[in-house]
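[1] Next come a sequence and a model predicted from it.
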Amino acid sequence: MRHGTGSVPPVEGSMMLKRAILPALLLLAAGASPAAPKGSFTGEMSSWTDEKLAKKVTIHKGSAPNAKGEGPTPNLAKLDAPPRRVALVSFYTIDAGKAKNSPVYRYSPGPYVSITEYGRQTSTYYLTPDGAAYFSEKLYERGIDSLKAAFASQKMELLTPNEYLDTPEKRSLYAGYDLKLGFASKMSKTLQDAYARMGGGDTRVSAVAPGYRLFPIHLAPTDPATAVNMNDLRQKLGVDALLAVANTTMYDGKEVHFTGMVMEMFGPNPVPKVEGKMYIQYKEGQNYASAQVNFGDKGGWIAQMKDDDITAESYDGYEKLLGAVGSEVAVHVASAVAR
């Protein structure tokens, strides 16, 4: 962010300081807090009650669980208790981009955003990998404690990489693990790339918070093949379940809007496979819970940009959202186990 270098005369500076502080003191004395910036994510979250926010979270119910453990829906009632140790293996931001018409040709790569314009045709605006990584880190720092608390309320311990990567072997495994995507995820990526090439935005750019790997669960939530491969990773890490979080944003050339979230939880099939028994659709790993929140293109902004500088940021309230989504996932799993 650029800052001015001009100095302010001492007397005038003190007057400006008084004028800035007095309204804030009056607000504090009245028990009020300063209004959130117009159109910001913080402003949007401030108007959502916990009950209203919970209704915004969509949990994929799936079909009824199978007694033999077949099909995509896990028979969680077969578990004695909810997964005790849950590893958060991916936390990232994916930017959908924004396409606009423009009469100017300009290519302007920068540290946070990139702009490409073609005459009077299509201009695409999207976060750069560094930009996506920056916002991933900011959102993670704001929300991780709330997410941990949501799982703890259901007697599940959410672990971060510094907690579950406790040996050199595990750190090496995690760093180099090749998550093989299932057919549904591959098809989704193909369609999104095609949409981007037609000027519908750029869906390529995603980046993780520091210390995490990018496992693109947003491509096809509930993809059975992805669940199987995630369970393989779970076994090798020595935990009871895995969690992944994808944040979605849209940079429109002026503001970075928070548009939604996908949260997925994976674990082993609760029904052990019986040797010699005939199965048709048995999978060793399954998707325990899939939750989504979609604010659409009108989601509040988390950052305002000017000439590739961040001029304003707004993350307050993200902890409330992440905690609410985490709570819905944790309660869904715990309730299914208790049936």
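    That came through fine.
[2] tell me how far the helix or strand hosting A149 is from the chain's mean position?
    Counting by DSSP states H and E, the element that carries A149 is helix 129-152. Distance of helix 129-152 from its chain centroid, counting by Cα atoms, centre = their mean, to the nearest Å, is 8 Å.
[3] With stretch 71-83 instead?
    Relative to its parent chain, stretch 71-83 has a centroid offset of 25 Å by Cα atoms, centre = their mean.
[4] Show me what counts as buried in the helix or strand hosting N287.
    Element membership for N287, per DSSP H and E: strand 285-294. Within strand 285-294, the residues scored as buried using 16 or more other Cβ atoms under 10 Å are G285, Q286, N287, Y288, A289, S290, A291, Q292, V293. (C-beta placed from N, C-alpha, C; glycine too.)
[5] Using PDB, write out every CA atom in it.
    The C-alpha trace of strand 285-294 is given here as PDB (Å, rounded to 0.1, in the frame of the first residue of the first chain):
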ATOM      1  CA  GLY A 285     -12.900 -43.800   2.100                       C
ATOM      2  CA  GLN A 286     -16.000 -41.700   2.100                       C
ATOM      3  CA  ASN A 287     -17.100 -38.100   2.300                       C
ATOM      4  CA  TYR A 288     -18.400 -37.500   5.900                       C
ATOM      5  CA  ALA A 289     -19.700 -34.000   5.300                       C
ATOM      6  CA  SER A 290     -19.900 -31.500   2.500                       C
ATOM      7  CA  ALA A 291     -21.000 -27.900   3.300                       C
ATOM      8  CA  GLN A 292     -21.200 -24.800   1.000                       C
ATOM      9  CA  VAL A 293     -22.000 -21.200   1.400                       C
ATOM     10  CA  ASN A 294     -22.700 -19.100  -1.700                       C
END
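[6] Which elements pack onto that strand?
    Judged by 3 or more Cβ pairs under 8 Å, 6 or more residues apart in numbering; DSSP states H and E, strand 285-294 is in contact with strand 58-59, helix 224-237, strand 255-268, helix 318-338.
[7] Check the offset of it from the chain's centre.
    How far strand 285-294 lies from its chain's middle: 12 Å, per Cα atoms, centre = their mean.
[8] Okay, now the sheet partners of that strand, with direction.
    Take DSSP bridges as the rule and strand 285-294 pairs in its sheet with strand 58-59 (antiparallel), strand 255-268 (antiparallel).
[9] just the angle between the last one and helix 129-152, please?
    Here strand 255-268 runs at an angle of 50 degrees relative to helix 129-152 (axes from the mean of the first three to the mean of the last three Cα atoms, to 10 degrees).
[10] what's downstream of the least confident helix or strand in the chain by mean pLDDT, the next helix or strand?
    In the chain, no helix or strand scores lower on mean pLDDT, DSSP states H and E than helix 10-29, which sits at a mean of 30. Using DSSP H and E, the next helix or strand after helix 10-29 towards the C-terminus is helix 41-46.
[11] in the next helix or strand along the chain from that following helix, what's buried?
    Toward the C-terminal end, the helix or strand that comes next after helix 41-46 (DSSP H and E) is helix 50-56. Counting neighbours by 16+ other Cβ under 10 Å, one finds that the buried residues in helix 50-56 are L53, K56.
[12] ok, back up a step: ok, and which of the helices and strands packed on strand 285-294 has the densest surroundings?
    Mean neighbour count (mean count of other Cβ atoms under 10 Å) peaks for strand 255-268 among these, with a mean of 24.
[13] chain center to the helix or strand just after the strand holding N287, what's the gap?
    Sequence order places strand 301-306 as the next helix or strand after strand 285-294, per DSSP H and E. How far strand 301-306 lies from its chain's middle: 18 Å, per Cα atoms, centre = their mean.
[14] what helices or strands is the very next helix or strand once past strand 301-306 leaning on?
    Remark: after strand 301-306, the chain's next helix or strand is strand 309-313, criterion DSSP H and E. Contacts defined by 3+ Cβ pairs under 8 Å, 6+ apart place strand 309-313 against strand 301-306.
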